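**Student:** Quick one, fold the following:
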Amino acid sequence: MAATDKKRALVLIADGTEEMEAVITIDVLVRGGIEVTVASTNPSESTSESVKCSRGVRIVPDTHLSVLPLDDSQLYDVLMIPGGAPGAKSMASSPLVHRWIQAHHAKPGVFIAAVCAGPTVLKAAGVARGAKVTSHPSVKDELSGFFDYQDNVKGPAIVVKDEMNKLLTSRGPGSTFELALKIVEEVRGKDVMESVRTPLMFP
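**Tutor:** Numbering: from 1, shown residues only. Purely as a prediction, here's the structure:
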């Protein structure tokens, strides 16, 4: 892959993030040839402190979000927000996270992805009002008045894409493989996505 073809993703995590949604996304994107940076958004700005996820699994991030340059030329091809209610609540209250989301949403061609409770962070950042989204059913009522909420999505439609806002959303841990594969498809193309999907041996 030529340097000019390099694609980059930023995955945000915080205490209480759903570990499956973070790790599945990271793994699938790396398999798809996407360079992934995992950034903590915890109030502590330590770059070596582990993040305690929703089931107690600890992940050591690559960096803290505050360390990364928030510069238009340094933005990522995709910004991913996993769910997990406590982690999403923490991110939703962070002005720094809001600025990163707003910057990525404003840049043409950049995707934002969110799963489970992750779309509540998008709402808190005030972006993509009226966009088609889905989420875990537990946060549907919180999102319905702000977004064009897509309910009862399943099967091939488990990932909802809003083309105008370059937004990809899905429902929960069980749909994260499909969301991550869709990110690969959008960023690297269908052939690359299929080359990742096939060896995963889905039933």
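**Student:** alpha carbons only for contacts and neighbour counts from here, please
**Tutor:** Will do.
**Student:** Tell me, what's the model's pLDDT at the residue nearest the centre of the chain?
**Tutor:** For the chain, the residue nearest the mean C-alpha position is Met80 (1.8 Å; Cα atoms, centre = their mean). Met80 is assigned 98 on the pLDDT scale.
**Student:** So it sits against Ile13, correct?
**Tutor:** No - with contact defined as Cα atoms under 8 Å, Met80 does not reach Ile13; the gap is 9.2 Å.
**Student:** which residues does Ile34 contact?
**Tutor:** Residues in contact with Ile34, defined by Cα atoms under 8 Å, 6 or more residues apart in numbering, are Lys6, Lys7, Arg8, Ala9, Val184.
**Student:** will you turn those residues into JSON lines that also has pLDDT, neighbour count and distance to Met193?
**Tutor:** Converted to JSON lines, the contacts of Ile34 look like this (pLDDT from 0 to 100; neighbours: other Cα atoms under 10 Å; distance: Cα to Cα, whole Å):
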{"residue": "Lys6", "pLDDT": "93", "neighbour count": "12", "distance to Met193": "15"}
{"residue": "Lys7", "pLDDT": "98", "neighbour count": "19", "distance to Met193": "14"}
{"residue": "Arg8", "pLDDT": "98", "neighbour count": "19", "distance to Met193": "15"}
{"residue": "Ala9", "pLDDT": "98", "neighbour count": "24", "distance to Met193": "15"}
{"residue": "Val184", "pLDDT": "98", "neighbour count": "28", "distance to Met193": "6"}
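**Student:** Inside strands: which ones of those residues?
**Tutor:** Lys7, Arg8, Ala9 (DSSP state E).
**Student:** what sits against the last one?
**Tutor:** Which is Ala9. Leu29, Ile34, Glu35, Val36, Thr37, Tyr76, Asp77, Val78, Leu79, Met80.
**Student:** Check the first one too.
**Tutor:** Shown in contact with Lys7 (Cα under 8 Å, 6+ apart): Gly33, Ile34, Glu35, Tyr76, Asp77, Val187, Arg188.
**Student:** mind redoing it with 7 Å?
**Tutor:** Ile34, Glu35, Asp77 (Cα atoms under 7 Å, 6 or more residues apart in numbering).
**Student:** And for Gly16?
**Tutor:** Gly16 makes contact with Lys52, Cys53, Ser54, Gly84, Ala85, Pro86, Gly87, according to Cα under 7 Å, 6+ apart.
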